[in-house]
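Chemist: No letters, just coordinates:
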């Protein structure tokens, strides 16, 4: 994934979280201590924030800095599903944001579990292996 695509994904995540928090661009930029145009460029993926600015944005939005960076470094599979959710015109913006956040919470919950898609011993995904 290109750095431009990473910036775009991270910026889209920042915008999504800002809207979920019901904050204007002006409010967030004031909280972080950056200009409104700079925040706009970050949200549109035109500029990458410094570590200090990323930390300020994360604090203002109530998310972790790691979440911001993970959005820019997401795998193609994760990005594909999230892109499909964002492209679902039959959903409202709030519904798309909620569905994306639910998906991400499941992914975060599974990060400490066994790798996804692995079947239990015996190869039976239902766990009921019988004689072959």
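Modeler: Yep, it's here. Given the structure is predicted, the values throughout are model-derived calculations rather than measurements. Residues are numbered from 1 along each chain as shown.

Chemist: can I see the domain layout of the protein?
Modeler: Listed by automatic domain parsing, the domain ranges of the chain are 1-73, 75-110.

Chemist: pLDDT-wise, which helix or strand of the protein ranks last?
Modeler: In the chain, no helix or strand scores lower on mean pLDDT, DSSP states H and E than helix 76-87, which sits at a mean of 66.

Chemist: how about CSV for the domains of the chain, with mean neighbour count added?
Modeler: C-beta: built from backbone N, CA, C; applies to glycine. Output for the domains of the chain, formatted as CSV (neighbours: other C-beta atoms under 10 Å):
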stretch, mean neighbour count
domain 1-73, 17
domain 75-110, 13
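
Chemist: By mean pLDDT, show me the worst of these.
Modeler: Least confidently modelled of the domains of the chain is domain 75-110, at a mean of 77 by mean pLDDT.

Chemist: any idea how far residue 68 is from residue 60?
Modeler: Counting by C-beta to C-beta, to the nearest Å, the gap from residue 60 to residue 68 is 11 Å.

Chemist: Ramachandran angles for the residue nearest to residue 48 when sequence neighbours are not counted?
Modeler: Spatially, and ignoring its direct neighbours in sequence, residue 48 is nearest to residue 7 (5.2 Å; C-beta to C-beta, 6 or more residues apart in numbering). Main-chain dihedrals, residue 7, degrees, to the nearest 10: phi -60, psi -40.
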